[in-house]
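Enquirer: I need the structure of the sequence given here:
(chains A, B, C and D)
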Number of protein chains: 4
Amino acid sequence: MSPQPLKVAMIGGGAGAFIANPHQKAIHFDGTRKVHAVALHPDPEVAMNEANNWPYPVKGYASYDELFEDQAKLPENERIDYVVIVTPNFVHFDPAMKALELGIPVMCEKPLTVNLEEADLLVAKAREKKVPFAVAHTYLGHWSSWFSRHIVQSGLLGDVRWVDSYYLQGWLADKLEDSGQMQAEWRTDPKKAGGSGCGGDIGTHALMQLRFVTGLDVEEVSARLDKFVPGRPIDDHFTTYGKLSNGGKCLVRASQICIGHKNDLGIMIAGTKGALKWSQEDPEKVTILLQDQPDRTYWRGQVCANDGFLGDVPQWLLDEPTIPSGHGEAFHDAYARLHREFEKDVRAYQAGEPWSCDGSTYANIDDGRMGLAFIDACIKSDDDDGAWQPVSKS
Amino acid sequence: MSPQPLKVAMIGGGAGAFIANPHQKAIHFDGTRKVHAVALHPDPEVAMNEANNWPYPVKGYASYDELFEDQAKLPENERIDYVVIVTPNFVHFDPAMKALELGIPVMCEKPLTVNLEEADLLVAKAREKKVPFAVAHTYLGHWSSWFSRHIVQSGLLGDVRWVDSYYLQGWLADKLEDSGQMQAEWRTDPKKAGGSGCGGDIGTHALMQLRFVTGLDVEEVSARLDKFVPGRPIDDHFTTYGKLSNGGKCLVRASQICIGHKNDLGIMIAGTKGALKWSQEDPEKVTILLQDQPDRTYWRGQVCANDGFLGDVPQWLLDEPTIPSGHGEAFHDAYARLHREFEKDVRAYQAGEPWSCDGSTYANIDDGRMGLAFIDACIKSDDDDGAWQPVSKS
Amino acid sequence: MSPQPLKVAMIGGGAGAFIANPHQKAIHFDGTRKVHAVALHPDPEVAMNEANNWPYPVKGYASYDELFEDQAKLPENERIDYVVIVTPNFVHFDPAMKALELGIPVMCEKPLTVNLEEADLLVAKAREKKVPFAVAHTYLGHWSSWFSRHIVQSGLLGDVRWVDSYYLQGWLADKLEDSGQMQAEWRTDPKKAGGSGCGGDIGTHALMQLRFVTGLDVEEVSARLDKFVPGRPIDDHFTTYGKLSNGGKCLVRASQICIGHKNDLGIMIAGTKGALKWSQEDPEKVTILLQDQPDRTYWRGQVCANDGFLGDVPQWLLDEPTIPSGHGEAFHDAYARLHREFEKDVRAYQAGEPWSCDGSTYANIDDGRMGLAFIDACIKSDDDDGAWQPVSKS
Amino acid sequence: MSPQPLKVAMIGGGAGAFIANPHQKAIHFDGTRKVHAVALHPDPEVAMNEANNWPYPVKGYASYDELFEDQAKLPENERIDYVVIVTPNFVHFDPAMKALELGIPVMCEKPLTVNLEEADLLVAKAREKKVPFAVAHTYLGHWSSWFSRHIVQSGLLGDVRWVDSYYLQGWLADKLEDSGQMQAEWRTDPKKAGGSGCGGDIGTHALMQLRFVTGLDVEEVSARLDKFVPGRPIDDHFTTYGKLSNGGKCLVRASQICIGHKNDLGIMIAGTKGALKWSQEDPEKVTILLQDQPDRTYWRGQVCANDGFLGDVPQWLLDEPTIPSGHGEAFHDAYARLHREFEKDVRAYQAGEPWSCDGSTYANIDDGRMGLAFIDACIKSDDDDGAWQPVSKS
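Expert: Below you'll find the model as predicted:
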């Protein structure tokens, strides 16, 4: 018997939201999940109106509170299976907390919250309730991120000495927020974005890529938060030199004023035996560099174990991609992989079986909290002119 | 009120099929279409067994005949809205014809049929029945293909003189069909693939890219079909020099023995005023070259009208992509765009409104037939040691 | 004791010539050769005037006839050691023949002559006189060409099945010759350029790259010479499908109307075991592709023997480059390598020692003649609408 | 009348030296300069022996002291015209000072000296004696560096906000100096290399590229000097965050432990209106990025003024390259351009005419001193755990 698709509730996503679109595609991608209910907007009228005119039939709610209240009343087979939170950053905490209270699994957009205190509360609640919780760090969903993580774990690069992880954009090089552009507006408002603009918005992606691929933490930071656009109250450029948990060092860099850079996220890892390079804008390839050797570029889907260079490669990693090399996966595929992996944990959770949600295939709530802790430390470091600050652990 | 999702029937797709997967993702992508019914395999038992164990609930049929027979008996709101044919090439004709007879819109995998005669019959039937019919030439679904077509139409390149359109693969460099690999087996069997292997399978993609982007036809061909792998009864390498309908010339090339080439489809167009380059393996960028000018590389989503170089760009083209530049679209996005555009025509067809299916956003049945006519002429030319052969028009 | 620099005479090179400049740089590059005498121009007055105002002191001659006549009268240690011929194509034959008669080694720009008959005469004379003779096919002078040749010889790619060798330019997309531009003028005048314009000028480079790297000959051709620019009496676009001496096939392509293509010479070789790619515009890298393996990109200077993939690599090949990987060599370095290798043969010739001039490090007169034979066959094939024509052997 | 070639004396360069080779090629490149005299080695016997067996005739000296002493005794037309210093870093100061005393122009390898005190003495002497003095920052000799500098000066990028200038290598990832490799040995010995290894050796190249292209100074630094290879007494990795003289910020980064990175020097400049990218390993192209515009990639030799984007481009910049676009220039061409420009100043100096040596086409002694001042400040900052340090001005 075919299993029923998971019913997903989407909180946020109305009125020109951007990130709600990729989530919907990712939810629908495999046919095994569907958007079932929505609470699209803080204004109840807008919320219901948009729901009624959604491109496909959904159950609309005037607010996420109403949505959650309704759950208990529904027959079990009509309840939602997980919730996706795609509201602006400052509206992540409240619905996430309410979902956890009800034992509903959550996939929350990053950053988890706008400050570390809220993040700690959420972590505590998730541990108490034992509910799967994902944070949507998209780029971990690329096969190439998984492969890179495997390469580091396999020891091929030796010990990691240095990592340069960066995310460069240019779309905020002008004071776009003054034009009324919604995406720019909330991202540059400290009340809605948190204490760091560029660092919190995309520096955390660079951090998470570093943490996921290397398996290391950034434990201490010396950070510089720059505000290049006149009148902007929050950083639009971010440079952090950090100490890694294995004694290595790193740069975690981000910018929103580097014109012509679209979503230039990438990582370079230098170990004692070799180096690895990857870029999100060319996500199908991982390049591995050894001393006195040719550059080896692996394409997703064109990898085999024991090729005279790689050792064993786990079968699940070789099996993962469903389209061959040269037929590209990209942004939506990465998002879909997050939901696909989360689905496994949600189905296990519902069945009362063991589930991991251990950060090995997507970012979990601890990862999300670590993003906040990192930014918190960076803000303090910058306030103290770049002095070292520890990154707090949960 | 939100419209109901279109109900799609999938014919073929069982037992390790490849292309059925991208179609399913593309169907589900937007939430406005869903796979509703399936006839997965020629063996009724396999067909039903697979349907019952499909990853999500579908209505299973033992055969496509049964599926079609069932349609008339169903209440109107339970009937399928269109059918997707993903069977091996030699099983395209029959279900397509039966769908047309019933007035059911069809999206058929390429090639339309395995010979020109069958293609002509299908074209005649589609015209008689006036039913939307799409042929799944995936790569036309890239935004960059649409943009390239616009660039040529806008006159920016002047008159097209020369086109090099190619599709290079390497996966059949060994006699993979002897290993029992299913994809290799039918592609190298003239009974199942038609008279040309490599040319029919992927040379037609190169042709269609040329035709779509330039708006020109290949009217006469001098073709060389090579069989490099010993014992293979059908070409695995394909080189055609052709005359374009505007007096220009072209190469349409394909190979399956160029090791290391994955899905290396690309096009270079040289006009009297400029040239354009695009590659499927890097599908987000179109490069435009003018004399004594810098290379201009346009990214999907990073285009604006009247940039001092481009003139007007249609708003629908600028609006089309839903994710910003640098967050890539790829293979699944292209497939989804085909289905999204086809959905528009299907909904209009059902509503009794005008629909175009004119080949401007996806390949239609006439395009599909032209692929067969092209291959037919190439086979004749090769049989006559490369002598010129006209490509028949419908 | 340090050897005296070789004294080189340059024939041609006055009045805005292009190719004389790279030759001079290449001659001077190592300090072991110098331009000593020049016959710069057919007009004796211009010739002497330019010589007197040359950027550095040279012995000027009013004509190359005068230069040659003067040789016999000079004391032996004042005679020239070799001559470089950089006149327009139709003025290669005469000075080359005269130098050979005098036993003076020749480096001649390509094409060797403007027709096969003259080429055959020169070959006969060179054999009779036993004098080193180089033809300046620049791109053979790239280390990457030598490395590629080694890779094919080593068997790493298996048997060569298919070669695509091309040289695309765009500078003649307009009728530049009407503007009085000297380089365009003689290249599009059949009297000065020979029977093929684009094919003779740059198609021969693509041919020579193929022959040098693969060690194979093109034995039969089916050629298409296109004239795209109205009013041009000679091809500006060139497409040849050919049979290789080992039973493989090839394309040798060239164009001067592909706008935006600068000197886009490249080669792709597909063998039974692997493929190789190289491009002149990125000359420091050779990419080797094996089935189910990563793309391996070798940089000049970053190659070692027995790297788990390459077998033995000759020490002379590893030792050759004098600057490390990542500090690029380019056009002038390639030219210099031709002269450096030719110097070895010239010094051996003068010392009465064995010299090879065997085409393994630069093109010799037989290679030059083969270029003419190839073009001769292509012209005949094109005249016969693409029918097969054999390429004559000497 | 043709001018006589300049006579160049080379100090250092014996016994396996690397950098002496490119200098010799650069000197000979144009035919207007030649290596005339050499003092190759500190050991007089080695020095004379090598000179006698040099690949071409040179006047050998047992030491540079002997060379300088000899100058006064020579007839004027036999004296050297300038001296090139290619000794290890700690042997730059003494011969440079002696040459200046004699009024002999100097081209000195970088770094100018091994500490700021010596650099200040040399600057003072050069000013006193009014002698042209070049520091061989190779990469300024790329046409693309000149073009980039013009682009910034033209205002096309607006005000510079951020610069990321980097030079990454990997060859010292192991403790190569223990193997006796000469290049590694002196570069990792503080006595020979100065107080910073990686920063002094190649971080200064990144600095100089930044200064040349932007026309800005780095005025204050917060630096981190890492020693990743156990037992190495000096930094092999270098990260400096700095304040620019216009209020902008920058990173100046360098590494010698990033395996697989050859000579990965590059720069990205983000201004208020646009950005520019360039990489030394692909030196023929400069990419300019404006908001909502395509990436514009300019090739050397494929630039024209007023192309609808660029405004006026100085004619000397357009005229400069002597080979067309697509026929690459590289490392040796850049070196040659330094000597070619220096030759102009030397000839003017000798003729008693005005000469500039103003840093606009190659680095002068003030630039060289600024490199030392920068490193000096970085070392102090690193000693103080990254605290801000001013870069002293001369």
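
Enquirer: show me the contacts for the closest residue to residue A:44 other than its chain neighbours.
Expert: Of all residues not flanking residue A:44 in the chain, residue A:62 sits nearest, at 3.5 Å (C-beta to C-beta, 6 or more residues apart in numbering or on different chains). Using the backbone N, CA and C atoms, a C-beta is placed for each residue, glycine as well. In this structure, residue A:62 makes contact with A:39, A:44-45, A:47-48, judged by C-beta atoms under 8 Å, 6 or more residues apart in numbering or on different chains.

Enquirer: pLDDT wise, what is residue A:62 at?
Expert: In the predicted model, residue A:62 carries a pLDDT score of 97.

Enquirer: Tell me how far it lies from chain C.
Expert: 54 Å (C-beta to the nearest C-beta, to the nearest Å).

Enquirer: That residue: what secondary structure?
Expert: Residue A:62 falls in the coil class when you classify it by DSSP: H, G, I helix; E, B strand; the rest coil.

Enquirer: Against residue C:177, how distant is it?
Expert: Relative to residue C:177, residue A:62 is positioned 75 Å away (criterion: C-beta to C-beta, to the nearest Å).

Enquirer: Is chain C within reach of the host helix or strand of residue A:268?
Expert: Take DSSP states H and E as the rule and residue A:268 turns out to sit in strand A:264-271. No - for a cut-off given as C-beta under 8 Å from any C-beta of the partner chain, strand A:264-271 has no contacts with chain C; the smallest distance is 15.4 Å.

Enquirer: Identify all contacting residues around that strand.
Expert: By C-beta under 8 Å, 6+ apart, the list of residues contacting strand A:264-271 from outside reads A:139, A:148, A:152, A:157-169, A:202, A:205-206, A:209-210, A:213-214, A:258, A:275-281, B:326, D:170, D:173, D:255, D:257-259.

Enquirer: Give me the buried subset of the residues you listed.
Expert: Of the members of those, the ones counted as buried by neighbours, 16 or more other C-beta atoms under 10 Å in any protein chain shown, are A:139, A:148, A:152, A:157-158, A:160-169, A:202, A:205-206, A:209-210, A:213-214, A:258, A:275-281, B:326, D:170, D:173, D:255, D:257-259.

Enquirer: Among those, which ones are in helices?
Expert: A:148, A:152, A:205-206, A:209-210, A:213-214 (DSSP state H).

Enquirer: Report the two of these separated the most.
Expert: A:152 and A:205 (18.2 Å; C-beta to C-beta).

Enquirer: roughly how far apart are the spatially most central residue of chain A and residue D:314?
Expert: Among the residues of chain A, the smallest C-alpha distance to the mean C-alpha position (C-alpha atoms, centre = their mean) belongs to residue A:137, namely 1.0 Å. Spatial separation of residue A:137 from residue D:314 under the definition C-beta to C-beta is 48 Å.

Enquirer: and what of residue A:129?
Expert: 69 Å.

Enquirer: repeat for residue A:369
Expert: Counting by C-beta to C-beta, the gap between residue A:369 and residue D:314 amounts to 56 Å.

Enquirer: likewise residue A:264?
Expert: Shown here: residue A:264 relative to residue D:314, a distance of 32 Å by C-beta to C-beta.

Enquirer: Who has more neighbours out of the two?
Expert: Set side by side, residue A:264 and residue D:314 show more neighbours around residue A:264, with 19 against 13, by other C-beta atoms under 10 Å in any protein chain shown.

Enquirer: What's opposite that one in the beta bridge?
Expert: Taking DSSP bridges as the rule, residue A:264 bridges to residue A:168.

Enquirer: Need the pLDDT of it.
Expert: In this prediction residue A:264 is given a pLDDT of 98.

Enquirer: and what of the one 3 residues further on?
Expert: For residue A:267, the pLDDT comes out at 98.

Enquirer: which residues sit in contact with the nearest residue to it once chain neighbours are set aside?
Expert: Nearest non-adjacent residue to residue A:267, counting by C-beta to C-beta, 6+ apart: residue A:165, 4.7 Å away. For residue A:165, the set of contacting residues under the criterion of C-beta under 8 Å, 6+ apart consists of A:206-207, A:209-210, A:250-253, A:266-268.

Enquirer: There's contact between residue A:80 and residue A:7 in this structure, I believe.
Expert: Yes - applying C-beta atoms under 8 Å as the test, residue A:80 and residue A:7 come out as touching, 4.9 Å apart.

Enquirer: If you count surrounding residues, which of these two has more?
Expert: Between residue A:80 and residue A:7, residue A:80 has the larger neighbour count (other C-beta under 10 Å), namely 24 against 17.
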